[in-house]
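> Just a sequence and a predicted model for now, questions to come.
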Amino acid sequence: MALTLGKSFDRNFNLRIPFLEGFYNIGVFFNKKSSFLLFRVDPDFSEIKAARHSTKINMFKNLEASKFCETFLKLHNYKNQNLDIQNQFHSIKDEYYLDVNFSINETITLSKINLDNERVLYDTLSLYGFNLSNHVNDFLFLISERQYIDRRMNKKIVRTTGLQISTSTALQTLDEFCIESKNFGKEGIEAPIMKTDEIIKLT
């Protein structure tokens, strides 16, 4: 994926992720003095294999626009005088913890900052990666979280960007989960009740 960087980006973190019969080399570009984020995605396998599986790549500046995040994840938003948090990853929803694998969890500390000689804050870049349990090798959702400390405003700013790489088969599974989650709890549709004699107890 061709990418031309301007002066807005001066740092880069690279990941090499197994996918299908090859890899994707993913670059996360950001600025040490801002909350801007951008992905670069380069496939490392033959175009024939990629075309055979109809791989699709999408980037989400707003995680709430993603079917994956809407269906499977809890996102955190908060704003006050010293915090401005938008769509921070909080957790996998309890009802889907068996359907999603938490495959990447990495944090890079860029600097330690003392504010007002009282608060100690850390300027960081965090990466969270997820696979669907039934599509471990052909689905990836990567969240890049930037925690930037604005010294002038005396405020921590948290922004996230999402990257989804998926085959058409995995996208179909995602659509099915999304439809199920929207119908769940509606009139006439109830959560399945497990009978006590069907519960296996381990001692």
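Yep, that arrived.

> who does residue 88 bridge with?
Beta-bridge pairing for residue 88 (DSSP bridges): residue 76.

> Identify the residues contacting it.
Taking CB atoms under 8 Å, 6 or more residues apart in numbering as the contact definition, residue 88 lies against 75-77, 145, 158, 160. In this view, the C-beta of every residue, glycine as well, is placed from N, C-alpha and C.

> Show me what secondary structure element comes after the longest strand belonging to the chain.
Across the chain, the strand with the greatest residue count (assigned by DSSP state E) is strand 100-115. Secondary structure here is assigned by DSSP states H and E; on that basis, the next helix or strand after strand 100-115 toward the C-terminus is strand 119-132.

> Could you check the angle that following strand makes with strand 100-115?
Note on geometry: by axes from the mean of the first three to the mean of the last three CA atoms, to 10 degrees, strand 119-132 and strand 100-115 are set 170 degrees apart in direction.

> what ranges do the strands span in the protein?
11-19, 22-30, 37-44, 56-60, 73-79, 83-92, 100-115, 119-132, 139-150, 155-166.

> counting contacts, what elements does the longest one pack onto?
Pointing back at strand 100-115 there. Packing partners of strand 100-115 (3 or more CB pairs under 8 Å, 6 or more residues apart in numbering; DSSP states H and E): strand 11-19, strand 119-132, strand 139-150.

> Ranking those by mean neighbour count, which comes first?
Counting by mean count of other CB atoms under 10 Å, strand 139-150 has the highest mean neighbour count of these, with a mean of 22.

> And the residue nearest the centre of this structure?
residue 143 (2.5 Å; CA atoms, centre = their mean).
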